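Enquirer: My questions are about this predicted structure, shown below with the sequence.
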Amino acid sequence: MTVTEQIQALKQEKNAVILAHYYVPDKVQEIADYIGDSFYLSKAAADTDADMLVFCGVSFMGESAKILNPDKTVLMPDMEADCPMAHMADIENIKNMKKSCEDLAVVCYINSTAELKKYADVCVTSANALKIVKSLPNRQILFIPDQNLGRYIASQVPEKQFFFNDGYCPIHAALTGESVKLAKKLHPKAQVLVHPECVPEVLQMADYIGSTSGIIRYAGESDCDSFIICTEEGVLFELRKQNPEKKFYMVSDKFQCPDMKKITLDKVLHVLKENSNQVEVTQELSQASARALERMLELAR
Ligand code: 13P
Ligand code: SF4
């Protein structure tokens, strides 16, 4: 049997489903039952009837899936696949801010550890942050950990006061305005589609700003037939599948998240065979961080 056939057989035997983020390698996306952005995957994880979830993504994704499904088995193909930004906020600072601002809501990007989510009033993803921040009664917002997504949301909600910390995605934040300018020169008719984790000078050049799913939806619906893609290159798989007649250009061939690329078919097969790499979250941490995730699912509905 091929690796894919073995994975399919084990999935059936164990009533397992495979969830994959758009940034994992194409071969893994090909075998996934659910493929999408962080928001879609957290909804899928919350709704599934399966007994076992294999989460093809980075650790905060598996951790969130386990928090939303404490009684299910959640496996990570590679326990070392982690998002550096998920750790980029200081808990003491959050506590101090909470003490000094009475009307403060701590809004936590889902790309964060469960330990950080514990201090959040609500979680958001890039697909629902605007809707959720607008719907909060609080006028003061501490946005953690991504300063770039936070500043973008703040620009859309001028009636609220924002505080940021200095977290960022090292992959998206490395993209420069200069390189986008160059890509526009090479492909003058192409529209620029940008993920909000990019820096403000890149966002300013965008024809569309949105999550990975938003970018894929926009490219499909647009009358334009060529696009400059400013997010991780894994989205090309879905973009090309859905739009074989359209052209997609990456600004840089280095736009890859090394942690997402750690996920391979062999690792998926291995964890399914062995029931290994099970995500564990203590009951105390799970209960404390579930509130913010569940509130996100409620407010984004
Ligand atoms: P979305 O899946 O919300 O588009 O976020 C991208 C990302 O960086 C996930 O790690
Ligand atoms: Fe984290 Fe950036 Fe990789 Fe997403 S692309 S997992 S935000 S490092």
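Expert: Ah, there it is. Ligands and ions are numbered 1, 2, ... in the order given.
Enquirer: list the buried ones in stretch 176-192?
Expert: Neighbour counts over stretch 176-192 (16 or more other CB atoms under 10 Å) mark S179, V180, A183, K184, A190, Q191, V192 as buried. For the C-beta atoms, the positions are set from N, CA and C on the backbone; glycine is no exception.
Enquirer: ok, and the closest non-adjacent residue to the second one?
Expert: Leaving aside its chain neighbours, V180 sits nearest to M205 (5.1 Å; criterion: CB to CB, 6 or more residues apart in numbering).
Enquirer: burial count for that neighbour?
Expert: 16 (other CB atoms under 10 Å).
Enquirer: Please tell me I have it right and it contacts V192.
Expert: Yes - the criterion here is CB atoms under 8 Å, and M205 meets it with V192 at 5.5 Å.
Enquirer: What residues of the helix or strand containing L236 count as buried?
Expert: Counting by DSSP states H and E, the element that carries L236 is helix 235-242. Buried positions in helix 235-242, judged by neighbour count with 16+ other CB under 10 Å: V235, L236, F237, E238, L239.
Enquirer: Next up, the contacts around E30.
Expert: T4 (CB atoms under 8 Å, 6 or more residues apart in numbering).
Enquirer: what's the span of stretch 141-151 from first residue to last?
Expert: 11 Å (CA to CA, to the nearest Å).
Enquirer: and if you look at stretch 108-121?
Expert: 8 Å.
Enquirer: before we move on, what about stretch 162-181?
Expert: 30 Å.
Enquirer: do it and ligand 2 meet at all?
Expert: Yes - taking CB under 6 Å from any ligand atom as the criterion, stretch 162-181 and ligand 2 are in contact, through C169, P170, I171, H172.
Enquirer: residues from the chain in reach of ligand 1?
Expert: Within the chain, the positions adjacent to ligand 1 are D37, S38, F39, C83, N111, T125, S126, A127, C169, E197, S211, T212 by CB under 6 Å from any ligand atom.
Enquirer: How about P70, nearest residue that isn't a chain neighbour?
Expert: S286 (5.6 Å).
Enquirer: So which bits of the strand or helix carrying that neighbour are buried?
Expert: Assigned by DSSP H and E, S286 belongs to helix 283-299. Residues L285, S286, A288, S289, A290, R291, A292, L293, R295, M296, L297, L299 are the ones in helix 283-299 that count as buried (16+ other CB under 10 Å).
Enquirer: Make sure the second one is actually in contact with I67.
Expert: Going back to what we said before, that points to S286. Yes - if you go by CB under 8 Å, S286 and I67 touch, sitting 5.0 Å apart.
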